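Novice: how does the following fold in three dimensions:
(2 chains)
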Amino acid sequence: MGQYLILIYTSEPSWAAIGEAEAGAVTAAHQRFGQQHGAVLRGGGWLHPTATATTVRRPDGPAREDLTAGADALVTDGPYVETKEALAGYYVIEVPDLDTALAVARDVPEPFGGIEVRPLRPTSM
Amino acid sequence: MTNVAPAVGAAVADAHRREWASVLAATVRVTRDIDLAEECVQEAFAQALTAWRDGVPARPGAWLTTAARRRALDVHRRAAVAQRALPLLVVDEVAPEPWGGAGGRQPDDLLALLFTCCHPALTAEARVALTLRLLGGLSTPEIARAFLVPEATMAARLTRAKKKIAAAGVPFRVPVPQDVPRRLASVLTVVHLVLTTGHAAPTGAALVRDDLLARAHDLARLLRSRFPDDPDVAGLLALVLLTDARRAARVDPAGGLVLLADQDRGAWDAAMITEGRALVLEALTLRPVSRYAVLAAIAAVHADAPTFDDTDWTEIVGLYDVLAARWPSPVVTLNRAVAVGFADGPDAGLAALDALRDEPRLASYGYLAAARGELLRRAGRRDEARTALEEATLLTANDVERALLAERLASLEA
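Specialist: The predicted structure is shown next:
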């Protein structure tokens, strides 16, 4: 068994343009997805738009000993990388192999973007 | 000893040709690690060179599989695998006894390996390279030469693909039945690419090219044995047979390319043509109609002609019409125009080519200029023919093709 992160990318302008009824239909579709694949779901979340993001960067120069940005961190408004389609949500699933993961990913509702499937490294190595 | 060794060497080489893929596939199931399996299988073949001096085993494949698997178990015992950075390949549990045992359904390791190599999660280039490496037993330098890329590039491509298989959990398994049609399409594309690369004008060592044709032949047969009712599989095997049948006539003794028009048709493999023709007829009755079957039908029309001049070009134009209607592409339009040029004369061919005049995808495609030049030459439009053939010469990177174009240009002056 392995864990996979299902990343949901979407077009934020398209999302902003739809009405309440369409947005509700997508939410309902995600609820159906959750019921259908509840047995393999290990987590998930729906993000606020990238306009709400705040980025923490390490200042230029060599890394600190503890590898963190620390108190000198540069804090800026916006996402780490600006992209046309932005990360909008994710699921974590636990399945035997990539084929099973892809079969689950095919059922993720996303009207404006696409889905990326990434294997998670085991946390205890 | 000296007179035994060459015989043993030949037996091992023969086993390599016949058994490599199935020995590797059976070993991957045990090691669950493609690199380790490759190493163990290579060592098993090396071991055979000495062990078989006392006699070649009755079932060389079984002997090699046992040797490779024993080697794999040794490595596992040394616990080197405990330190691994990548997860083990996902393999379905089966009965522990590899090939004996009553009742237990034998897993189809060979087919599983093929589907793993052709998984859509891998790039198209990686799929064909992995297939030639793992199922064809070709070395990395041989594959690099076939695809005209540096060896280091090909080695990196193979390593990246194997890492992805392990890390992303691409399973070593034949897909479930409802997924087979979609996944089979990807496998057939790979086999077709091996065939067309093998059949292209020889740019590298001729031997490697012949090897590609032979591997395409093996793979198409493997698929046919597993999917006997599939129209695409039947069509592709027919196409492979009718293409491979011309192998001996395709290259002259000096290694030069011999065009279809000039090939000694007596050197074509009659048995392959007979089998290929029967398969085309079968494939064309199956639905949906397969693109490979239509391509094979074109090859069958050529095979039916005792000489180039006897070719039924009207029939070939009709088959290109089918391709153009269902699977249109600029290359189909080009090939159709060439056929029209033979069926209805060079002026008709040139008119059919006009549709491609502004096709951006063919702008740097030497065959378009070469086809135009040849039609213009036959139409007696000498100056325009020279310009087109010179353009084609500039666009081809292939020495053999360039030599052919130079011949054409010289014939204009005659």
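
Novice: enumerate the residues of chain A near chain B.
Specialist: Within chain A, the residues that sit near chain B (CB under 8 Å from any CB of the partner chain) are A:2, A:4, A:96-99, A:101-102, A:117, A:119, A:122. No exception for glycine: its C-beta is placed from N, CA and C like everyone else's.

Novice: give me that answer again for 10 Å
Specialist: Contact residues (CB under 10 Å from any CB of the partner chain) of chain A with chain B: A:1-4, A:95-103, A:117-119, A:121-122, A:125.

Novice: give me the buried entries from these.
Specialist: For those, burial is judged from neighbour counts taken by 16 or more other CB atoms under 10 Å in any protein chain shown, and it is met by A:2-4, A:95, A:97-102, A:117, A:119.

Novice: skipping adjacent residues, who's closest to the residue minimising distance to the centre of chain B in space?
Specialist: Among the residues of chain B, the smallest C-alpha distance to the mean C-alpha position (CA atoms, centre = their mean) belongs to B:V194, namely 2.2 Å. With sequence-adjacent residues excluded and distances taken as CB to CB, 6 or more residues apart in numbering or on different chains, B:V194 is closest to B:A216, at 4.3 Å.

Novice: contacting residues around the one you found?
Specialist: Under the criterion of CB atoms under 10 Å, 6 or more residues apart in numbering or on different chains, the contact list for B:A216 reads B:131-132, B:136, B:190-199, B:236-237, B:239-240, B:243-244.

Novice: also A:F112?
Specialist: Counting by CB under 10 Å, 6+ apart, A:F112 makes contact with A:9-15, A:17-18, A:26, A:85, A:88.

Novice: among these, which lie within strands?
Specialist: In this view, these that belong to strands under DSSP state E are A:9-10, A:88.

Novice: tabulate these (a markdown table), appending distance to B:G366, neighbour count and pLDDT.
Specialist: As requested, the ones in strands among the contacts of A:F112 are arranged in a markdown table below (distance: CB to CB, whole Å; neighbours: other CB atoms under 10 Å in any protein chain shown; pLDDT from 0 to 100):
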| residue | distance to B:G366 | neighbour count | pLDDT |
| --- | --- | --- | --- |
| A:Y9 | 41 | 17 | 97 |
| A:T10 | 44 | 20 | 96 |
| A:A88 | 47 | 21 | 95 |
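
Novice: so which of these is the closest to chain B?
Specialist: When the ones in strands among the contacts of A:F112 are ranked by distance to chain B (CB to the nearest CB), A:Y9 comes first, at 17.6 Å.

Novice: against A:Q3, how distant is the residue of chain A found nearest chain B?
Specialist: Distance from chain B to each residue of chain A (CB to the nearest CB) is smallest for A:D97, at 3.9 Å. If you measure A:D97 against A:Q3 using CB to CB, to the nearest Å, the figure is 12 Å.

Novice: what sits in contact with each of the two?
Specialist: Residues touching both A:D97 and A:Q3 (CB under 10 Å, 6+ apart): A:119, B:169.

Novice: let me know the closest of the ones in strands among the contacts of A:F112 to B:D74.
Specialist: The nearest member of these to B:D74, counting by CB to CB, is A:Y9 at 46.7 Å.

Novice: list the contacts for that closest one?
Specialist: Remark: with contacts taken as CB under 10 Å, 6+ apart, A:Y9 is in contact with A:83-89, A:110, A:112-116.

Novice: could you dump the contacts of A:F112 to CSV with distance to B:V30?
Specialist: Compiled in CSV, those are given as follows (distance: CB to CB, whole Å):
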residue, distance to B:V30
A:Y9, 40
A:T10, 44
A:S11, 47
A:E12, 49
A:P13, 53
A:S14, 50
A:W15, 50
A:A17, 55
A:I18, 53
A:V26, 47
A:E85, 43
A:A88, 43
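
Novice: now the strands: where do they sit in chain A?
Specialist: In chain A, the strands defined using DSSP E lie at A:2-10, A:41-46, A:54-57, A:74-77, A:86-95, A:114-119.

Novice: hmm, back to that, could you dump the buried ones among the residues of chain A next to chain B to JSON lines with distance to B:V322 and pLDDT?
Specialist: Shown next, in JSON lines, are these (distance: CB to CB, whole Å; pLDDT from 0 to 100):
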{"residue": "A:G2", "distance to B:V322": "46", "pLDDT": "93"}
{"residue": "A:Q3", "distance to B:V322": "48", "pLDDT": "96"}
{"residue": "A:Y4", "distance to B:V322": "43", "pLDDT": "98"}
{"residue": "A:V95", "distance to B:V322": "43", "pLDDT": "97"}
{"residue": "A:D97", "distance to B:V322": "40", "pLDDT": "95"}
{"residue": "A:L98", "distance to B:V322": "37", "pLDDT": "96"}
{"residue": "A:D99", "distance to B:V322": "35", "pLDDT": "95"}
{"residue": "A:T100", "distance to B:V322": "39", "pLDDT": "96"}
{"residue": "A:A101", "distance to B:V322": "39", "pLDDT": "97"}
{"residue": "A:L102", "distance to B:V322": "34", "pLDDT": "96"}
{"residue": "A:V117", "distance to B:V322": "38", "pLDDT": "98"}
{"residue": "A:P119", "distance to B:V322": "43", "pLDDT": "97"}
